[in-house]
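Asker: With the sequence up front, the predicted model follows.
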Amino acid sequence: MAAARKVTLPKEVWELAGLFGEGQPLYLIGGAVRDILLGRQPVDFDFASAATPSQVKALVRRWADNVWTIGEEFGTIALLKNNVKYEITTFRGETYREGSRKPDVTFSDSLKEDLSRRDFTVNAVAYSLSEKIFIDPFKGAQDIKRRVLRTPGPVEQSFRDDPLRMLRAITFHATLGLKLSPEVFNGIVEHGNLLAQVSTERIADELVKILLAPRPSDALRLALRTGLSDYFLPELARLDIEQPVDYHHKNVLEHTLQVVDNAAPILELRLACLLHDIAKPDTREVVDGEIHFFRHELVGARMARRIMRRLKFSNELTDKVVELVKLHLRPHFYRDEVWTDSAVRRYIRDAGEVLPLLNQLVTADCTTLNPKIAAAAVEKQRDLERRIEEVLEKEDLMAMRPLLDGHQVMEAFGIEPGPMVGEILKGLLSAQIDGDLATEDEAWEMARAIYEDETGG
Ligand code: ATP
Ligand code: MG
């Protein structure tokens, strides 16, 4: 049993626990308990109890704002209270058939049994809300303190029961900085191939969590070192080739990992970083003793589409990532003197909605160790972004239709063509650009004011 700690939980958690009473008390379980012991604020709350799903439903019905029973056959009742979702699962001992994806769920009445079925000891600690104590049969609290991932039971059994746990270990390394115990590491090396049994959707969910972590590179390196990446992204290990050092680190894989870290945690951007040079191994050519990767951005865009389809990412996300990969070299050809406004406009038009992300990708793509080259690259990208702003501003102006035209003004004030008409129209347009004018009525009011001002009337 772990030492008691000051635990602050939302009042709803205590209210919910109060509904369960002493007979079949409610336990907080999983990630929330782990996060409390890590000193982090839990994001969601999962509970376990000996109560059966139908008992749970009856207990929470009046208190909850909404109750979902879609998970009932697996023992889970979900509910909403004050816009927070809570899940209560009946203690379970799951038995998995070899090679099958779906567990046969059997309900057991033992908390310890339930905890023994969890992925890692750090996630196998419960907090008794009735007794206010931690229940920790697998020394999860100690592992949290040591920041290490171990399985509650034998590693091999655990990974056979659910091979996704191997990838979850990599995820927890990325998101929480937890290390793999030697047993877990070796277990992944040995059983990585079992990941093929896991549904693509579950795998992709973990990849997303890894890519949105503050610094995904360490976890991706771990996936490479254990060989697990071969079972969800085999293209990654192939990037381990040399390239000329200009803007880039001399190893394509190392470069790629750094680019991913450099970028803000936006899913389409991080995916584009991961895949931007994916075709370099396939496009490598040596011409006159120099290494080139001709058209790697185009071949890479096609590969990115295939990879993202394989991982069942949405078409919308895939399209964005493919565009980013395809265009990632374009700004490298930017030269202030050479790119006319229409060249800049073409770049803006081709990038379309991914323009801001493309600019970020290009900035992240510079991993040279040479400070002079790095500074020049940053300067060039800033310059391009300035030009983009300029061109967009001009375009806005061109797109803006004046609220009144010269004929209307001349007719209304009974004046001939001349500087007075120009003054009025100029005044109206600049007020419109500044956002001070929106309607025709306002325009007339202002036109009259300028006219009176000019005529001294
Ligand atoms: P996060 O902070 O990412 O939500 P979490 O640990 O809460 O992390 P969930 O996917 O929400 O992860 O799962 C809740 C709990 O269910 C876990 O803490 C763990 O105890 C258990 N669990 C989840 N997935 C598995 C699995 N594949 N095998 C065994 N136990 C699992
Ligand atoms: Mg969770």
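Answerer: Received the coordinates, thanks. Residues are numbered from 1 along each chain as shown. Ligands and ions are numbered 1, 2, ... in the order given.
Asker: alpha carbons only for contacts and neighbour counts from here, please
Answerer: Will do.
Asker: how far away is Ile83 from ligand 1?
Answerer: To be clear, residue 83 is Asn; Ile isn't right here. The spacing between Asn83 and ligand 1, counted by CA to the nearest ligand atom, to the nearest Å, is 17 Å.
Asker: If you could redo that for Leu425, that was the one I meant.
Answerer: Leu425 is 60 Å from ligand 1, by CA to the nearest ligand atom.
Asker: Now the closest residue to ligand 1 within the stretch 201-350 of the chain: which helix or strand?
Answerer: Per CA to the nearest ligand atom, Lys209 is where the stretch 201-350 of the chain lies closest to ligand 1, at 7.8 Å. Per DSSP states H and E, Lys209 falls inside helix 200-211.
Asker: who in the stretch 101-250 of the chain is up against ligand 1?
Answerer: Applying CA under 6 Å from any ligand atom, we find that the stretch 101-250 of the chain lies next to ligand 1 at 117-119, 123-124, 162, 164-165.
Asker: Reformat the residues you listed as CSV; add neighbour count.
Answerer: What follows is those, written out as CSV (neighbours: other CA atoms under 10 Å):
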residue, neighbour count
Arg117, 19
Arg118, 20
Asp119, 26
Asn123, 27
Ala124, 27
Asp162, 21
Leu164, 22
Arg165, 20
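Asker: The residue of the stretch 201-350 of the chain closest to ligand 1: neighbour count?
Answerer: A count of nearby residues for Lys209, using other CA atoms under 10 Å, gives 17.
Asker: which one is it nearest to, not counting chain neighbours?
Answerer: Spatial nearest neighbour of Lys209, chain neighbours left out: Thr171 (6.6 Å); criterion: CA to CA, 6 or more residues apart in numbering.
Asker: That neighbour reaches Val208, doesn't it?
Answerer: No - the criterion here is CA atoms under 8 Å, and Thr171 misses it with Val208 at 9.2 Å.
Asker: So for these two, which residue has more residues nearby?
Answerer: Taking other CA under 10 Å, Thr171 and Val208 do not tie; Thr171 has more neighbours (25 against 15).
Asker: Show me what the strand or helix carrying that one is packed up against.
Answerer: Assigned by DSSP H and E, Thr171 falls within helix 164-176. For helix 164-176, the elements it packs on are helix 155-161, strand 179-180, helix 200-211, helix 217-226, judged by 3 or more CA pairs under 8 Å, 6 or more residues apart in numbering; DSSP states H and E.
Asker: Figure out which of the ones you listed is closest to Phe20.
Answerer: Among these, the nearest to Phe20 by CA to CA is helix 155-161 (31.3 Å).
Asker: Give me the buried positions along that closest one.
Answerer: Neighbour counts over helix 155-161 (16 or more other CA atoms under 10 Å) mark 155-156, 158-161 as buried.
Asker: what's the answer for stretch 380-392, then?
Answerer: Neighbour counts over stretch 380-392 (16+ other CA under 10 Å) mark 380-381, 384-385, 387-388, 391-392 as buried.
Asker: For ligand 1, what is the nearest residue in the stretch 351-457 of the chain?
Answerer: Leu357 (26.2 Å).
Asker: can you list the domain ranges for the protein.
Answerer: As recorded under automatic domain parsing, the domains making up the chain are 1-146, 147-232, 234-397, 402-455.
Asker: tell me the average confidence for the third one?
Answerer: Meaning domain 234-397. Averaging the model's pLDDT scores along domain 234-397 yields 91.
Asker: How about the shortest one?
Answerer: For domain 402-455, the mean pLDDT works out to 88.
Asker: end-to-end on it?
Answerer: End-to-end distance for domain 402-455: 23 Å, by CA to CA, to the nearest Å.
Asker: Please apply the same query to stretch 234-250.
Answerer: End-to-end for stretch 234-250, by CA to CA: 21 Å.
Asker: do the same with stretch 170-182
Answerer: Taking CA to CA, stretch 170-182 runs 13 Å from one end to the other.
Asker: Can you get me the centre-to-centre distance for that stretch and its chain?
Answerer: Centroid separation for stretch 170-182 versus its chain: 18 Å, with CA atoms, centre = their mean, to the nearest Å.
Asker: mean confidence score for that stretch?
Answerer: On average, stretch 170-182 scores 97.
Asker: what comes into contact with it?
Answerer: 147-150, 169, 206-207, 209-210, 213-216, 218-220, 222-223 (CA atoms under 8 Å, 6 or more residues apart in numbering).
Asker: Helices of the stretch 201-350 of the chain, start to end?
Answerer: Ranges of helices in the stretch 201-350 of the chain, per DSSP state H, counting those that start in this stretch, are 217-226, 252-262, 267-275, 280-283, 296-310, 315-327, 341-351.
Asker: Mind putting those helices into JSON lines with mean neighbour count?
Answerer: Listed next are those as JSON lines, based on neighbours: other CA under 10 Å:
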{"stretch": "helix 217-226", "mean neighbour count": "20"}
{"stretch": "helix 252-262", "mean neighbour count": "23"}
{"stretch": "helix 267-275", "mean neighbour count": "24"}
{"stretch": "helix 280-283", "mean neighbour count": "17"}
{"stretch": "helix 296-310", "mean neighbour count": "20"}
{"stretch": "helix 315-327", "mean neighbour count": "21"}
{"stretch": "helix 341-351", "mean neighbour count": "15"}
